[in-house]
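In: What shape does this take:
(4 chains)
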Number of protein chains: 2
Amino acid sequence: MELNEKLFKALANKTRLEILRWLKDPENEIHVPTCVPISEEIKDYGGVCVSDLVNQSGLAQSTVSSYLNLLVEADLLIAVRHGKWTFYRRNEVAIQKLGALIKEEL
Amino acid sequence: MELNEKLFKALANKTRLEILRWLKDPENEIHVPTCVPISEEIKDYGGVCVSDLVNQSGLAQSTVSSYLNLLVEADLLIAVRHGKWTFYRRNEVAIQKLGALIKEEL
DNA sequence: ACATTATATCGTTGTTTTCCGATATGTCAA
DNA sequence: TTGACATATCGGAAAACAACGATATAATGT
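Out: Residues are numbered from 1 along each chain as shown, chains lettered A, B, ... in the order given. Purely as a prediction, here's the structure:
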């Protein structure tokens, strides 16, 4: 984790910011959840599948998928594949570190 | 100060990030300073003129000027005009607040 | 094996950003 | 008040991004 252009580019988009917020509290924020947690990891750590975020955002599936990939590349999200679903969740450690880095190093 | 697209867009550029770093410690980071502090405010709070940042960055004067304006608009920099110079300095309060907001609200 | 579902990737088009040179504005000094 | 300097603004060309539909890949169920 470092404060580079790539990281801030990932955050420089309304929808991607919304995705991060939705994933903060999916129980309340994801209005029509469809993917049921199917593993202990998902039950423990949470995670939302792509199609739920597609519904929520109103954007095309391909757009959301690439946005999610950008956020993973920036280390802000963690992706876990289970069967045909990929569950995305926040990388809380990295996000806290980001806040600290901005205070110290920006 | 809020975590919106505009703020992160301002940070999503290598040169603008460098400018923020240079302004963190201008004495050491600005290699060829030309603008002498001419007021108590600049002496007290610091601040670097546009032409020094133009030299440092190697970009055109117009580019640097608009980059600085973007950072001011995002509330990350403070601009103070003295005579024919405009001195830019970091908005440390806002930057600390940004770090805190990311930890709490991102 | 085949159809279905979920996600990822590719190619494209319109929009935004980057960065420039030219020019305008503002300030000081002679 | 004219010239020189510092900065800001404008208009444009090239690159990057946003967002889409079409298609590829991957896993599941029959």
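In: ok, residues contacting the helix or strand hosting A:Asn28?
Out: Secondary structure assigned from DSSP states H and E places A:Asn28 in helix A:26-29. With contact meaning Cβ atoms under 8 Å, 6 or more residues apart in numbering or on different chains, helix A:26-29 is reached by A:Arg21, A:Trp22, A:Leu23, A:Pro33, A:Gly46, A:Val48, A:Gln56. (C-beta placed from N, C-alpha, C; glycine too.)
In: For that helix, C-alpha coordinates in PDB please.
Out: Backbone C-alpha positions of helix A:26-29 (Å, rounded to 0.1, in the frame of the first residue of the first chain) are rendered in PDB as follows:
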ATOM      1  CA  PRO A  26     -24.200  -5.100   2.700                       C
ATOM      2  CA  GLU A  27     -27.000  -6.400   5.000                       C
ATOM      3  CA  ASN A  28     -28.600  -2.900   4.900                       C
ATOM      4  CA  GLU A  29     -27.200  -1.500   1.700                       C
END
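In: which parts of that helix are buried?
Out: By 16 or more other Cβ atoms under 10 Å in any protein chain shown, the buried positions in helix A:26-29 come out as A:Pro26.
In: hmm, that helix in reach of DNA strand C?
Out: No: on the criterion Cβ under 7 Å from any atom of the strand, helix A:26-29 is out of touch with DNA strand C, staying 13.1 Å away.
In: sorry, back to before: out of the contacts of helix A:26-29, who has the most neighbours?
Out: A:Val48 (26 neighbours; other Cβ atoms under 10 Å in any protein chain shown).
In: Distance of the residue nearest to it when sequence neighbours are not counted relative to A:Leu20?
Out: Using Cβ to Cβ, 6 or more residues apart in numbering or on different chains and skipping the chain neighbours, the partner closest in space to A:Val48 is A:Pro26 (5.0 Å). For A:Pro26, the distance to A:Leu20 equals 12 Å [Cβ to Cβ, to the nearest Å].
In: Please pull out the lowest mean pLDDT helix or strand from chain A.
Out: Using mean pLDDT, DSSP states H and E, helix A:40-45 stands out as the lowest-scoring helix or strand of chain A, at a mean of 66.
In: and the next element down the chain from that one?
Out: For helix A:40-45, the following helix or strand on the C-terminal side (DSSP H and E) is strand A:48-49.
In: Pull the residues that contact the helix or strand following that next one.
Out: Beyond strand A:48-49 on the C-terminal side, the first helix or strand identified by DSSP H and E is helix A:50-57. Helix A:50-57 has contacts (Cβ under 8 Å, 6+ apart) with A:15, A:18-19, A:22, A:29-35, A:60-61, A:64-65, A:68, A:85-86, A:88.
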